[in-house]
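Colleague: pasting the sequence and the predicted coordinates here, then a few questions.
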Amino acid sequence: MSDLQRRALVASPTPQAQEAARELADAHDWVHPEDADLIVALGGDGFMLQTLHAMLERRKPIVPVFGMNLGTVGFLMNEWQRHGLNDRLARTKPFKVTPLAMTAVTVGGDTYSLPAINEVSLLRETRQTAKLEITLNDRIVMPELACDGILVATPAGSTAYNFSAQGPILPLGSNLLALTPISPFRPRRWRGAIVPDKARISIRVLEPAKRPVSAVGDQREVRDVARVDVVIDRSRELTLLFDPEHALDDRITMEQFAA
């Protein structure tokens, strides 16, 4: 195995993924993820996000990831197959995914910086409706949005929580972000916006003591935020590998026509 072929195998803790990992462990040579040039991930979409976030948090060189679905939906994964892994990896098609960078400042003055591959979401913490001020490129575009929350979604994440909240599906490579409200109350007819991904988005929580709000970057939460800034982080581009017949861009497009 040459240096350019060093591979790591990671698997979710589910019984199915662990059994699959045992099958592959004896059939191939593997290295530790921090020493790998490519990672094979076994699990579902949630585990794929965990794998990508682990690389972002280590801040080591980011390597391509080839996922095989042993979860539920597997939107970011390829089909699980026991055999032919070497041939499949030689034929893969890469897709680039650019994460969001979320900077959240709490009511107490603490600052947290988190990446988000799918979306950044702001959610009310109590029965009280959240009230948010939205700023785009230093311009206040909505002085007050009363809602359960709001999402900033990437194209890769636009088919997930964003789509469930009636947000638009964004094609990969569109250089766009979806700004989608969750259960908007006032303005009642505002259904969100599509903005260029070079935009700087800031969301300020109005009345944070009375109407507390949390901010979530994919799976990591910051409670009691006062302000959240979101931008694209072009310095840490991720690469997902897919079988040629499993085109992520085509799957995202076809989600618009799914029953």
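Modeller: Perfect, thanks for sending it.
Colleague: what about the closest residue in space to Ser113 that isn't next to it in sequence, neighbour count?
Modeller: Closest residue in space to Ser113, ignoring its immediate chain neighbours: Thr103 at 5.2 Å, by C-beta to C-beta, 6 or more residues apart in numbering. C-beta here means a position set from N, CA and C on the backbone, and glycine is covered the same way. Around Thr103 there are 17 other residues, counting by other C-beta atoms under 10 Å.
Colleague: kindly state the beta-bridge partners for Thr103.
Modeller: According to DSSP bridges, the partner residues bridging Thr103 are Ser113, Asp229.
Colleague: mind telling me what element Ile194 is part of?
Modeller: strand 193-196 (DSSP states H and E).
Colleague: residue contacts, Ser121?
Modeller: Listed by C-beta atoms under 8 Å, 6 or more residues apart in numbering, the contact partners of Ser121 are 149-152, 161, 182, 215-216.
Colleague: one step back: quick one: average pLDDT of the strand holding Ile194?
Modeller: The average pLDDT within strand 193-196 is 97.
Colleague: direction included, what does the following helix or strand past that strand pair up with?
Modeller: On the C-terminal side of strand 193-196, the closest following helix or strand by DSSP H and E is strand 201-206. When sheet partners are counted by DSSP bridges, strand 201-206 sits next to strand 130-136 (antiparallel), strand 225-232 (antiparallel).
Colleague: tell me the mean pLDDT over the last one?
Modeller: Averaged across strand 225-232, the pLDDT comes to 98.
Colleague: ok, Asp229 - how many residues close by?
Modeller: By other C-beta under 10 Å, 17 other residues sit near Asp229.
Colleague: in the strand holding Ile194, what counts as buried?
Modeller: 193, 195 (16 or more other C-beta atoms under 10 Å).
Colleague: roughly how far out does that strand sit from the chain middle?
Modeller: 17 Å (C-alpha atoms, centre = their mean, to the nearest Å).
Colleague: so what strands line up beside that strand?
Modeller: Looking at strand 193-196 with DSSP bridges, its partner strands are strand 176-182 (antiparallel).
Colleague: any idea how far the partner strand is from the chain center?
Modeller: 14 Å.
Colleague: quick one: contacts of it?
Modeller: 100, 121, 123, 134, 145, 147-155, 158, 162, 165-168, 170, 190-197, 199, 201, 232.
Colleague: distance to Val40 for the strands paired with strand 201-206 - can I get that in CSV?
Modeller: Shown next, in CSV, are the strands paired with strand 201-206 (distance: least, C-beta to C-beta, whole Å):
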stretch, distance to Val40
strand 130-136, 40
strand 225-232, 27
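Colleague: what is the lengthiest helix in the chain packed up against?
Modeller: Longest helix in the chain by number of residues (criterion: DSSP state H): helix 45-58. When contacts are defined as 3 or more C-beta pairs under 8 Å, 6 or more residues apart in numbering; DSSP states H and E, helix 45-58 sits against strand 38-43, strand 65-69, strand 238-242.
Colleague: in JSON lines: these, plus mean pLDDT, mean neighbour count and distance to Arg223.
Modeller: Putting the helices and strands packed on helix 45-58 into JSON lines (pLDDT from 0 to 100; neighbours: other C-beta atoms under 10 Å; distance: least, C-beta to C-beta, whole Å) gives the following:
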{"stretch": "strand 38-43", "mean pLDDT": "96", "mean neighbour count": "24", "distance to Arg223": "28"}
{"stretch": "strand 65-69", "mean pLDDT": "96", "mean neighbour count": "24", "distance to Arg223": "30"}
{"stretch": "strand 238-242", "mean pLDDT": "94", "mean neighbour count": "20", "distance to Arg223": "27"}
